[in-house]
Every structure is written in structure tokens, then in C-alpha cells.
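>>> got a sequence here, can you build the structure:
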Amino acid sequence: MKHIHFIAIGGSAMHNLALALHGKGYRVSGSDDAIFDPSKSKLEKAGLLPEELGWFPEKITANLDGVILGMHAKKDNPELLAAQALGLPIYSYPEYLYEQSKDKTRVVIAGSHGKTSITAMVLHVLNYHDQEVDFMVGAQLKGFETMVHLTDHNDFMLIEGDEYLSSPIDLRPKFLWYKPNVTLISGIAWDHINVFPTLESYEDQFRQYIETIVPGGALVYNQDDAVLTRLVALSQNTIRKQGYQTPPAFIEDGITYLETPEGDLPLSIFGQHNLANLAGAKWICQLMGIDELDFYEAIESFGGAAKRLEKVAQGNSAHLFKDFAHAPSKVKATATAVAEQFSGFTTLACLELHTYSSLDPAFLPQYKHCLNGLDEAFVFYDPEALKIKGREPIAVAEIEAAFDHPNLTVFTQPEQLHQALFERNYRQSVLLMMSSGNYGGLDWTALAQLIEGA
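Sure thing, here's the model as predicted:
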């Protein structure tokens, strides 16, 4: 029985990998200095929750078969130093996923936006047709117990390929580890400026990624993205290159219909970005053995991934959506989708500036007009978040100028934001909440009840 130890086991990706290895029969141990739900409850249920929080070098012994290092840990982590001193194999999260899949056909979904949604679509279709695969996806999906599933018998491994750093001691993008046989790239829009300070350095990660595709493999890419199309054309890798574009569709009575050779197909998802995601997912499914008609049959019931234009509440005339969007391209795509889908409604978006990039004054102009099309917009940032990141406060006028929306209100105090949200009348309205944060401790249950009563 292999014994794998996790340094920073409480992370979203890390605890799911720990659960997957535990399910394969591995002996799993781990440490962390902070573990929150849902990680805490899941680890506890599996008997993998550390007895106490903190770092314990004595857990690191020569009997370990390997150590997996999470991004939350630091380079001087006591357990990491102990593992290095013993000469143990130390893996990053993506490196260990490759170790688990190197004898399988690896299908990787990459791109600045849409990765989780496309991976979720593919998994939904495969699951609908009872085709089991190993997988790693970046969100909890309905019908799947964990975000990582590993076996010794499945032929395919479907992986959401992130371009962020692999570990504190491995500063390469995660997706450079996977060496895909088949991959999709959804588009390229500058992100993660803390590690890719220029657009050129960010784009270069995708150039390198294309060269890691196994010769003879396949690259499916979004032809609507000019930067991506240029990089694909420049690649000399001996691979099949298959472009896709946003398919034709129309909206009727609040429902988006996809135009197909078999007729108009009603969808549970909406927005041009999701239609493009669907087109890419169809190609990936076909390369994995699902024909076009079977894809359409399954995709009709796809309701989306968690926090990706997820409908949280609905009343007689009101809707509440939650979205993980924070990068400018994602914010613009989500806001545009809501504006187009609910043209007869009053639309309000609330965006929290929470990430390193979004709180950088030099990056703020990237958000110009990304909320246009919506009737009203709230932008919130917590000055405490800036203190934690060692940054100076951002002037309200600077944010207003960056977004350039005609009906924009900026909030820097959680209480004021919450008051503005709860005092509104939401009849015939759509509220879109966009953030990877928590809006200063927003009461989601109360907000949902307010929407449901409208």
C-alpha cells in the first residue's frame, strides 16, 4: 500500500486528490494550518482530517512513498524541509496527476476562461451515456461526489488545465505538466498579473503549452480568439488542429435555443460564451467517441457548473445568479449573457474586486466597459483585503473611471453594500453576483429569500 503525505491537504484541489487516492486504496496523511468546509467535513468523513492544525516535521519519515506539496504552503515549510532532507519524492499537484495518468489518454481543457464549464459539459455528456473516465475538474458538479476521480482501469483522463503556478517550489504553469494527447484551448485573455506581469509573458505560457501536446495528438481551439488563432498557426508541432466557433442560436421566451441539423434544441444554459463552450465540448466528446446526435441529446439537460452562472434563487419575477467571474474577459462575457438573456428585466451586477490582479490600479483599466449593457452596477472592494496584500487604498474615482459605466456605485464598506442590496425592490429584476470572495460576509440565505419573494 503506497503512503502519500499532503502538505496543505485542506485546499480545494488538494483535498479532492487526497480523497481520490484514498478511494484507490492508498494510505493518505496530511497537514495544514487552516482547513475550512467543505474540505474539513469531507476529510473528516473519510478519516483523513489531521488531528490538529499545524506543521509537524515528525510526520515526514523515510517510509513515505511521496509528498504532494500544495500552493498554500511556503518554501520554508517545516514538513517540506524535512522531506527535502530525507530525499523523498516531492510532487506538485499537477505533477502527481500526470503520474496517475501517464499510461492513459490525457484530454486537457485549457484557456483563460471557460475551462470548468467545458470540462463539466464533457463530463455531463459522458456520464449521461454511461462512459466512465478518470477526471479532475475545478468545481463540484451535480452527480459527482468529488472533483477528482482516479482508477487503474479507465482509458481516458479528463483534466481541467490551469495556467497558474504548480507549487511554491515549481513556478511553471500547471498545464505544462500534462502532455495532452487531446486538448482544447478556449481563448486567451491576460490574467494572473502577479506571476505574468506582461501580456506577452502570459501568452507565451500558451505557446509553450501547445508544444507539449503529444505529436500526433489533437488541438481543438476557439477560432473566434485572434491571439489564440495566431499562436496555433505559428506552432510547428505535428498535431491535428481543429477550430470551432460560436454556433447559431436564438432566445425565445427567456430560453436559449441552439440551432442544430436536427432542429432547435432548448438549453438550460445561456450566453455567447457558453454557446462557444458547448461547441468546443462537442468536438472533445466526438474525439472521445460520442457522436454529434448523442452529444445533443445529453447537453440539453446540462445545467452548468457550480458558481458558473449558477441560478441561486428565483421568484415570480426575479432571478439571482452567482458567478466566479473576476477577470475582465470573464466579467464581460457573463454580464453580456445576462443582459441579452433578460432583455425585459432590470439588470444589476455586483462585482467584488478580490484577486491580486483586480486590486492592482495598473490593471483596473482592463475592466473598461465590461459591465456595459447592464442597467446598474455595484463594485465592491474591502480595504482589509488590500492591507493583507500590502497595497494602498484605491480611490473610488479611480474605479469609476476604470469601469466607465453610466450607472455605477462603488462600495468600500461591507455594511453599506449589504444595505444597498437588501433595500432594493427586485420585481422584474435580475441580480448577478460576481466574485471569488464573499462580499464581506454577505448573508446568502437572506438574499435568496428576498429574491424568492419578488
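
>>> need the contact list for F422.
F422 makes contact with A446, L447, L450 under the criterion C-beta atoms under 8 Å, 6 or more residues apart in numbering. Any C-beta I mention is one placed from the backbone N, CA and C, and that applies to glycine too.

>>> quick one: which helix or strand includes the first one?
Spelled out, that is A446. helix 444-452 (DSSP states H and E).

>>> quick one: mean pLDDT over that helix.
For helix 444-452, mean pLDDT rounds to 96.

>>> who does it touch, helix- and strand-wise?
strand 310-314, strand 318-323, helix 414-422 (3 or more C-beta pairs under 8 Å, 6 or more residues apart in numbering; DSSP states H and E).

>>> out of those, flag the one nearest E259.
Ranking the helices and strands packed on helix 444-452 by proximity to E259 (C-beta to C-beta) places strand 310-314 first, at 23.8 Å.

>>> and the closest one, how far out from the chain's middle?
Averaging C-alpha positions (C-alpha atoms, centre = their mean, to the nearest Å) puts strand 310-314 19 Å from its chain's average.

>>> so which bits of it are buried?
E310, V312, A313 (16 or more other C-beta atoms under 10 Å).

>>> which one of these is nearest to Y257?
Out of the buried residues of strand 310-314, the member with the shortest distance to Y257 (by C-beta to C-beta) is E310, at 21.2 Å.

>>> contacts only, for the residue nearest to the closest one when sequence neighbours are not counted.
The shortest distance from E310 to any non-neighbouring residue, by C-beta to C-beta, 6 or more residues apart in numbering, is to K322 (5.0 Å). By C-beta under 8 Å, 6+ apart, the contact set of K322 is K307, E310, V312, M433.

>>> surely the last one and A325 touch.
Read that as M433. No. Assessed by C-beta atoms under 8 Å, M433 is found out of contact with A325, at 9.8 Å.

>>> quick one: which of these two has more around it?
A325 (26 against 23; other C-beta atoms under 10 Å).

>>> just checking, that one touches A333?
Yes. Counting by C-beta under 8 Å, A325 touches A333, with 7.5 Å between them.

>>> how near is the residue nearest to E310 to S436?
Remark: distance between K322 and S436 (C-beta to C-beta, to the nearest Å) = 11 Å.

>>> same question for L19.
22 Å.

>>> the stretch 1-150 of the chain: helices as residue ranges?
12-23, 39-45, 78-86, 93-101, 115-128 (DSSP state H, counting those that start in this stretch).

>>> chain center to the fourth one, what's the gap?
Taking C-alpha atoms, centre = their mean, the mean C-alpha location of helix 93-101 is offset from the chain mean by 19 Å.

>>> which other helices and strands does it contact?
helix 12-23, strand 66-69, strand 134-136, strand 156-160, strand 165-167.

>>> try 7 Å
helix 12-23, strand 165-167 (3 or more C-beta pairs under 7 Å, 6 or more residues apart in numbering; DSSP states H and E).

>>> do the second one as well
Other helices and strands packing on helix 39-45, by 3+ C-beta pairs under 7 Å, 6+ apart, are helix 12-23.

>>> mind exporting the C-alpha coordinates of the helix it packs on to PDB?
Extracted in PDB, the C-alpha atoms of helix 12-23 (Å, rounded to 0.1, in the frame of the first residue of the first chain):
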ATOM      1  CA  SER A  12      -9.900  22.700  -2.700                       C
ATOM      2  CA  ALA A  13      -7.800  20.700  -5.300                       C
ATOM      3  CA  MET A  14      -5.600  19.000  -2.700                       C
ATOM      4  CA  HIS A  15      -8.300  17.500  -0.500                       C
ATOM      5  CA  ASN A  16     -10.100  16.100  -3.600                       C
ATOM      6  CA  LEU A  17      -6.900  14.500  -4.800                       C
ATOM      7  CA  ALA A  18      -6.400  13.100  -1.300                       C
ATOM      8  CA  LEU A  19      -9.900  11.600  -1.300                       C
ATOM      9  CA  ALA A  20      -9.300  10.100  -4.800                       C
ATOM     10  CA  LEU A  21      -6.100   8.400  -3.700                       C
ATOM     11  CA  HIS A  22      -7.800   7.200  -0.500                       C
ATOM     12  CA  GLY A  23     -10.500   5.700  -2.700                       C
END
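
>>> what about the closest residue to E95 other than its chain neighbours, neighbour count?
With C-beta to C-beta, 6+ apart as the criterion, E95 has its nearest non-adjacent residue at 5.2 Å, and that residue is W177. W177 has 22 neighbours, counted by other C-beta under 10 Å.

>>> which one of the helices and strands packed on helix 93-101 lies closest to G303?
Using C-beta to C-beta, the helices and strands packed on helix 93-101 put helix 12-23 closest to G303, at 21.0 Å.

>>> and the closest one, how far from the chain's centre?
17 Å.

>>> in that helix, what counts as buried?
Of all the residues in helix 12-23, those buried under the rule 16+ other C-beta under 10 Å are A13, M14, H15, N16, L17, A18, L19, A20, L21, H22, G23.

>>> need those in JSON lines with pLDDT and distance to L258, can you?
Compiled in JSON lines, the buried residues of helix 12-23 are given as follows (pLDDT from 0 to 100; distance: C-beta to C-beta, whole Å):
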{"residue": "A13", "pLDDT": "92", "distance to L258": "32"}
{"residue": "M14", "pLDDT": "96", "distance to L258": "37"}
{"residue": "H15", "pLDDT": "97", "distance to L258": "36"}
{"residue": "N16", "pLDDT": "96", "distance to L258": "32"}
{"residue": "L17", "pLDDT": "97", "distance to L258": "35"}
{"residue": "A18", "pLDDT": "98", "distance to L258": "39"}
{"residue": "L19", "pLDDT": "97", "distance to L258": "35"}
{"residue": "A20", "pLDDT": "97", "distance to L258": "34"}
{"residue": "L21", "pLDDT": "97", "distance to L258": "39"}
{"residue": "H22", "pLDDT": "97", "distance to L258": "40"}
{"residue": "G23", "pLDDT": "95", "distance to L258": "36"}
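
>>> which one among those residues gets closest to L371?
For those, the nearest to L371 is A13 (30.1 Å; C-beta to C-beta).

>>> so the closest one versus L184, what's the distance?
20 Å.
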